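> Curious how this folds, go ahead:
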Amino acid sequence: MAFPSHLAGQPGHPPIFTIPDALRRAAKQWPEQEAMVVPGERIRYADLLTRAERAAASLHRLGLRHGDHLAICMGNSIDWVVAAYGANFVGAVVVPVNTRFKADELKYCLAQSDSKFLVMVDRFLNIDFKAMLASVRHELPRLQAVVSPAELSRPGTFDGEGPAPEDVALIQYTSGTTAYPKGVMLTHRSMILDAWHFGRRQGMKQGDRYFSGRPLFHVAGTTLSMITSCVHGACYITAPSFEVGTVLRMMEDERCTMTSANDTMYVMLMNHPGFRPEKLRLRGGMCAVSPEVARQVVERLGMREMCVGYGLSESSPNAALSPYDDDLEKRVAGYAFPLPGLEVRIFKPDTHEELPPGAPGEIYVRGWSLMKGYYNMPEATAKTIDAAGWLHTGDLGVADADGRVAFIDRLKDMLRVGGENVAPADVEGVLNAHPAVKLAKVVGVPDPRLVEVVAAYVQRKEGASATPDELIGWCKERIAGFKVPRYVRFVENFDAIGMTASSKIQRNKLREYALVDLGLSSNVKRGVK
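Okay, here's the model as predicted:
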């Protein structure tokens, strides 16, 4: 099958297959070009290479060796990127630490990953990491040294053995709903290939200015932002946290041409009082969004070359992405072609029965982008990647007749209302299209007759008014009755309920909140759900 554009249709291969080689190549080809910009600091590729080499030399002097694990705990910054490159130069494995972790979560991440080194700032966003670490340090016998970013700037170069393409470069902890996140092991080769194809599908080119607010403790920040920019000669522009006013000013001042965000991020940008679309120069980028938000991204942000995609940490992370010049309606609807060399298909859950176009089922992925496994969790790995090499994603999706795939929702998030399946994204899309709605999220709550019904939590736009009955009526006109929310509640924001640092709302925490808020927790105890 031919892809719609010559760019996306010629897969090609990157000239490098390790992360250190990607930076060396960028510094050689574009030494004077800006590599990265954060508020108050910017750096060229040549200088970024120098700092990475100094970091590698410093870490090696401190005892870091090939195959060791080094954790990083700080916000998006040049220091974060320098520490990661430095560790990879030595052949060590980077373990990103979520900056919203509490003490027990920090302890689990460092202990389960067997991290020997930790590069950390004392404080970030009013979080005292120094005190947090001190409270659990006695339970981390493998942690040999805690290093400040300043300690990585001493002059020196590292000329020892570097990593091989199949070496593990990163252990990414999944942000799942379980009490014990799993450490996804990704190789240099899989991350470089993913970044290469991801950028080509978007039409990224040397000199592009690419804003990504994705946190560097997620693979959307490492593979799809930091490394993608490096292999394509773009400038990676980011901020320590997704403060909307700061982000908009940076996009304007830095003349950003591309960006990457999810639903929540785009909605926050477009509804901010400082949003001035006429000041932006965005032509395209990545949208992990619903069709309603995708259309707004095209019409209000002017991103006519926007791409939609599908992925997860276990696939490095991007597995499918629409070419930037594919049919616009297909892109808006969320349909994307698998990356070159990958198979992305729709199967009946827990079987190898492939479903025909148009039939929803579980998304399976197979090919070069798959993780090596979960660190020290062989049983969990075997449950996720079957004997035929298929990654069972746990996501519900659908394919079209041309081979595109579209994500619908997490299988575990599907609601069962009176025997009917309801995808939360379907209901959220309708609510988000209401002129008074800034952001809506829905969950299932127990019901004695229907087992489960829909509850919606809605953030209204500034100055807008809407009642629960009005929004319920809006839904009744647009979706089947069993999908219409039984409950509609308004919130000022989702921060206290369960919004992650990557601006994703944790549905499990929202449901816990809803059960108490709606007085339904006793129903759960009685076994209604």
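
> can you list the weak-confidence ranges in the chain?
Across the chain, the ranges flagged by pLDDT under 70 are 1-11, 175-179, 498-503, 522-529.

> So it: which segments form each domain?
Here the domain assignment for the chain is 18-399, 414-525, based on automatic domain parsing.

> Can I get the longest helix along the chain as CSV, trimmed to CA atoms?
Ranked by residue count, the top helix of the chain under DSSP state H comes out as helix 45-62. Only the C-alpha atoms of helix 45-62 are listed here, as CSV (Å, rounded to 0.1, in the frame of the first residue of the first chain):
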residue,chain,number,x,y,z
TYR,A,45,24.4,21.7,19.4
ALA,A,46,28.2,22.1,19.6
ASP,A,47,27.9,23.3,23.2
LEU,A,48,25.4,20.6,24.1
LEU,A,49,27.8,18.0,23.0
THR,A,50,30.6,19.6,25.1
ARG,A,51,28.4,19.6,28.2
ALA,A,52,27.3,16.0,27.6
GLU,A,53,30.9,14.8,27.3
ARG,A,54,31.8,16.7,30.5
ALA,A,55,28.8,15.0,32.2
ALA,A,56,29.9,11.6,31.0
ALA,A,57,33.5,12.2,32.2
SER,A,58,32.2,13.4,35.6
LEU,A,59,29.8,10.5,36.0
HIS,A,60,32.6,8.0,35.0
ARG,A,61,34.9,9.5,37.6
LEU,A,62,32.2,9.1,40.2
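
> just how off-centre is it within its chain?
Helix 45-62 sits 27 Å away from the centroid of its parent chain (C-alpha atoms, centre = their mean, to the nearest Å).

> Ok, stretch 283-296 next?
15 Å.

> got it, and stretch 386-404?
19 Å.

> Would you mind listing the buried residues in it?
Neighbour-count burial for stretch 386-404, counted by 16 or more other C-beta atoms under 10 Å, picks out 390-399, 404. (Glycine included, C-beta is placed from N, CA and C.)

> between the residues you listed, which is closest to Asp208?
Set against Asp208, the nearest of those by C-beta to C-beta is Arg404 (25.1 Å).

> if you skip the residues just before and after it, what's nearest to the residue nearest the centre of the chain?
Central residue of the chain (C-alpha atoms, centre = their mean): Ala220, 4.0 Å from the mean position. In this structure, Ala220 finds its nearest non-sequential neighbour in Arg214, 3.9 Å apart by C-beta to C-beta, 6 or more residues apart in numbering.

> ok, that neighbour - contacts?
By C-beta atoms under 8 Å, 6 or more residues apart in numbering, the residues touching Arg214 are 220-221, 224-225, 238, 260-261, 502.

> how near is it to Arg189?
Counting by C-beta to C-beta, to the nearest Å, the gap between Arg214 and Arg189 amounts to 22 Å.

> still on that earlier bit, for the residue nearest to the centre of the chain, identify the helix or strand it belongs to.
Per DSSP states H and E, Ala220 falls inside helix 219-221.

> That helix packs against which elements?
Where contact means 3 or more C-beta pairs under 8 Å, 6 or more residues apart in numbering; DSSP states H and E, helix 219-221 is not packed against any helix or strand.

> Mind checking what secondary structure the residue nearest to Asp47 when sequence neighbours are not counted has?
Among residues not flanking Asp47 along the chain, Ala35 sits closest, at 7.8 Å (C-beta to C-beta, 6+ apart). With DSSP: H, G, I helix; E, B strand; the rest coil as the basis, Ala35 sits in strand.

> Same check on Gln459?
What three-state DSSP gives for Gln459 is strand.

> All the strands of the stretch 201-350 of the chain, residue numbers only.
Ranges of strands in the stretch 201-350 of the chain, per DSSP state E, counting those that start in this stretch, are 209-212, 235-237, 258-262, 284-288, 305-311, 318-321, 337-338, 343-347.

> Let's have these in JSON lines, adding distance to Val136 and mean neighbour count.
Formatted as JSON lines, these follow (distance: least, C-beta to C-beta, whole Å; neighbours: other C-beta atoms under 10 Å):
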{"stretch": "strand 209-212", "distance to Val136": "31", "mean neighbour count": "24"}
{"stretch": "strand 235-237", "distance to Val136": "32", "mean neighbour count": "25"}
{"stretch": "strand 258-262", "distance to Val136": "31", "mean neighbour count": "25"}
{"stretch": "strand 284-288", "distance to Val136": "33", "mean neighbour count": "26"}
{"stretch": "strand 305-311", "distance to Val136": "32", "mean neighbour count": "25"}
{"stretch": "strand 318-321", "distance to Val136": "34", "mean neighbour count": "27"}
{"stretch": "strand 337-338", "distance to Val136": "42", "mean neighbour count": "24"}
{"stretch": "strand 343-347", "distance to Val136": "40", "mean neighbour count": "19"}
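
> Could I get those strands in TSV, plus columns for distance to Ile408?
Below are those laid out as TSV (distance: least, C-beta to C-beta, whole Å):
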stretch	distance to Ile408
strand 209-212	25
strand 235-237	31
strand 258-262	16
strand 284-288	13
strand 305-311	10
strand 318-321	13
strand 337-338	17
strand 343-347	10
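
> on that earlier part again, give the other helices and strands that the longest helix of the chain contacts.
Other elements packing on helix 45-62 under the criterion 3+ C-beta pairs under 8 Å, 6+ apart are helix 19-29, strand 34-38, helix 78-90, strand 145-147.

> Following that helix in sequence, what is the next regular element?
Next along from helix 45-62, by DSSP H and E: strand 69-73.

> ok, and what's touching that following strand?
Contacts for strand 69-73 (C-beta under 8 Å, 6+ apart): 59, 64, 80, 83-84, 87, 92-97, 99, 106, 109-110, 113-121, 124, 129, 171, 216-217.

> Can you tell me which of those residues end up in helices?
Filtering those for helices - DSSP H - leaves 59, 80, 83-84, 87, 106, 109-110, 129.

> and of those, the nearest to Phe337?
When those are compared against Phe337 (criterion: C-beta to C-beta), the nearest one is Ala84, at 29.9 Å.

> residues in contact with the closest one?
72, 94, 216, 222, 226.

> Also Trp474?
430-431, 434.

> if we can go back for a sec, which of the contacts of Ala84 sit farthest apart?
Using C-beta to C-beta, the contacts of Ala84 reach their maximum pairwise distance at Ile72 and Met226, which is 11.9 Å.

> Nothing else from me, thank you.
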